[in-house]
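Participant: here is a sequence with its predicted model. Questions after.
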Amino acid sequence: MERKILHVDVNNAFLSWTAVDMLRKGSSLDIRTIPSIIGGDEERRSGIVLAKSPIAKKFGIVTGEPIYFAKKKCNQLQVFKGDFNIYRKESDNLYKFLLNYTDKIERFSIDECFMDLTGFLMDRELLSIAQEINKLVYEKFKFTVNIGVSSNKLLAKMASDFEKPNKIHTLYREEIPDKMWPLPVSELFMIGRKTVPKLLNMQIKTIGDLAKTDKNLLNKKFGKHGIQMWEYANGIDSSEVKNKKELPKSIGNSVTLPKDAFTKEEIEKILVALAEQVTYRLRKYNLLANVVNIQLRTNSFKDYSHQKKLKAPSSSTKEIIELSKEILEQMALDEPIRLIGLRVDNLENKDEIQISFFETDEKQNKLDKAIDELKQKYGYTKITRARRARG
DNA sequence: TCTGGGGTCCTAGGACCC
DNA sequence: TCTGGGGTCCTAGGACCC
C-alpha cells in the first residue's frame, strides 16, 4: 500500500532556536536577520560552524568549517554559543506537537522527524496537513520548518532539502526525473565526500546518471553501499518509520583537548573522566557493555582506535576504567594527541542477562549508585567538567 | 584545516574451530 | 603437511549522518 510520509526539518535549527530563546529573554535583535553563526569554542580548539543564518550562507559560509575561515569570508560575522539544553527542549516541544497528527514518528535527529500518516489522514490531503503543520509550528514556536511530502522516507527527506527556508515540497515517484535526477550526485542522501570523486571518475555526475548506471557494476565497486545508492537514486526505500524509542547500540564520549597530550599519564586522567560520563549514561539506560573502545586522534588528524572485550558485561566505572587503561597500554604514542574518546559497544539489557559467576561485587555497585545520585542532584556536566579541569 | 561530538553500519583480515 | 573450505568471532578502520 502507498504510504503517506512527511519529513519535518527545522530550518537552521541551532541558530533559529538560539534566536527564539534570545527574543524570549527580551533581546531586540533577531540573529536570523544578520550574518551570524552558532559556533564552538576556538580557544578550546573546537571552533567550527554548527549553524548559519541565511545571510551568513550568502557569504559562502558552510556548516562544519572552522570559524576562522567563516570570519574571513565575512568580517561582520557575529558568533554565538550553542546551548544544548535549549535545543533539547525546543526539539521535545516540536515532537509533542507533531504527536497530534500521528504517533508513528521517528526522531531522526534533534531537528528532524519522519512522520507516517498512513491511516491517520481522515480524508484530508497529505499536502494540506503539511501546510497546517508548517503554519502552526511557526505560530506556536516562532521558528520555521521545511517539510518533505512523499510515499517513503528517502523521498520525503530529499524533498525537505529542496528550497529553504519555510517551504513545503512534494517528491512523488512520478516527479523523480524532474525534481531529483538533475541534482548533482553529492546531494543524494548517504553519498558523502569520499564517494563523490569515485562516481565522477565513472562519469556519474547527477543523481539521474547514478539511477541509470548498472546496479551490478555499482555492487562490484561499492558492495552493499553501491546497491543502496542505486536504490536511493531511483527513489526506492522500504524502511519503516520507527516510532518507539530504541535503546542505543553504543555510548561514547570524546574530548578535543585544549592542548595536545604527550604522555599516557595525561591521557589516563582524561579516560577516567570519560569513563565516569559513559558509565553514568550506561546505568541510566540500565544497560551493560561488552566491549570498550578507545580512540586517539593525533595532532595531524589521524585516528587510531583499539577495543577489548570485558570479561563479563558491565556498567561499573571501575571495571571500565581498568580495561581502558589496559587498552591504552597497547596503543602506540609517538605523536601528540589532540582528541581522546571512550566508547562502549555491544550493549545488552541488564534485566535480560542471568547473574554470572563473576557478578561484580556489591560494594562497587553501591558506590556507583551513590555517585549517580550525586550527579542527578548536581548535574553531571558540572561534576565531569570540574574533574576535567583538574586533569 | 586554525578542522566538534554524538552516533550507525559495513568491510577486511586474522584467529580459531570443525 | 609442500594443506581445503566454511563458519564464527574479534579487531581496526572507514564511510556516512546530523
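Facilitator: Structure received.
Participant: any idea where the helices of the stretch 251-391 of chain A begin and end?
Facilitator: A:264-284, A:317-329, A:362-378, A:380-390 (DSSP state H, counting those that start in this stretch).
Participant: one more: the stretch 51-200 of chain A?
Facilitator: Counting by DSSP H, counting those that start in this stretch, the helices of the stretch 51-200 of chain A are A:54-58, A:67-73, A:84-98, A:126-141, A:153-160, A:176-179, A:195-201.
Participant: any idea which of those gets closest to DNA strand B?
Facilitator: Checking the helices of the stretch 51-200 of chain A against DNA strand B by C-beta to the nearest atom of the strand gives helix A:67-73 as the closest, at 3.8 Å. For glycine as for every other residue, the C-beta is placed from the backbone atoms N, C-alpha and C.
Participant: and the closest one, anywhere near DNA strand B?
Facilitator: Yes: Helix A:67-73 is in contact with DNA strand B by C-beta under 7 Å from any atom of the strand, via A:68-69.
Participant: give me the contact list for that helix.
Facilitator: By C-beta atoms under 8 Å, 6 or more residues apart in numbering, the residues outside helix A:67-73 that reach it are A:37, A:39-40, A:42, A:47-49, A:52, A:56, A:59-61, A:77, A:79.
Participant: and stretch A:281-295, by the same measure?
Facilitator: Stretch A:281-295 has contacts (C-beta under 8 Å, 6+ apart) with A:247-248, A:251-252, A:254, A:271, A:303-310, A:313-315, A:320, A:323-324, A:327-328, A:331, A:339-351, A:353, A:368-369, A:372.
Participant: do stretch A:323-334 as well
Facilitator: Contacts to stretch A:323-334, defined as C-beta under 8 Å, 6+ apart, come from residues A:262-264, A:267-268, A:271, A:274-275, A:292-294, A:296, A:304, A:306-308, A:310, A:342.
Participant: what subset of these is also close to DNA strand C?
Facilitator: Contacts with DNA strand C within the contacts of stretch A:323-334, as defined by C-beta under 7 Å from any atom of the strand: A:304, A:306-308.
Participant: neighbours around the closest residue to DNA strand C within the stretch 1-150 of chain A, how many?
Facilitator: Nearest to DNA strand C in the stretch 1-150 of chain A, going by C-beta to the nearest atom of the strand, is A:Ser109, at a distance of 3.4 Å. Around A:Ser109 there are 10 other residues, counting by other C-beta atoms under 10 Å.
Participant: got the contact list for it?
Facilitator: Residues near A:Ser109 by C-beta under 8 Å, 6+ apart: none.
Participant: report pLDDT for it.
Facilitator: For A:Ser109, the model assigns a pLDDT of 95.
Participant: give me the beta-bridge partners of it?
Facilitator: Beta-bridge partners recorded for A:Ser109 (DSSP bridges): A:Glu112.
Participant: how much space separates A:Ser16 from A:Val145?
Facilitator: For A:Ser16, the distance to A:Val145 equals 9 Å [C-beta to C-beta, to the nearest Å].
Participant: give me the common contacts of these two.
Facilitator: If you check A:Ser16 and A:Val145 against C-beta under 8 Å, 6+ apart, the residues they both contact are A:Val10.
Participant: in chain A, where is pLDDT below threshold?
Facilitator: Applying pLDDT under 70 to chain A flags residues A:352-364, A:367, A:371, A:373-391.
Participant: by proximity to DNA strand C, which residue of it wins?
Facilitator: For chain A, C-beta to the nearest atom of the strand, closest residue to DNA strand C: A:Gly192, 2.4 Å.
Participant: mind giving me the domain split of chain A?
Facilitator: Split into domains by automatic domain parsing, chain A comes to A:1-171, A:180-233, A:251-390.
Participant: in TSV: the ones you listed, plus distance to A:Ser239.
Facilitator: Shown next, in TSV, are those (distance: least, C-beta to C-beta, whole Å):
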stretch	distance to A:Ser239
domain A:1-171	6
domain A:180-233	11
domain A:251-390	22
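Participant: how much space separates the closest residue to A:Ile320 other than its chain neighbours from A:Leu328?
Facilitator: In this structure, A:Ile320 finds its nearest non-sequential neighbour in A:Ala275, 4.8 Å apart by C-beta to C-beta, 6 or more residues apart in numbering. Per C-beta to C-beta, A:Ala275 is found 11 Å from A:Leu328.
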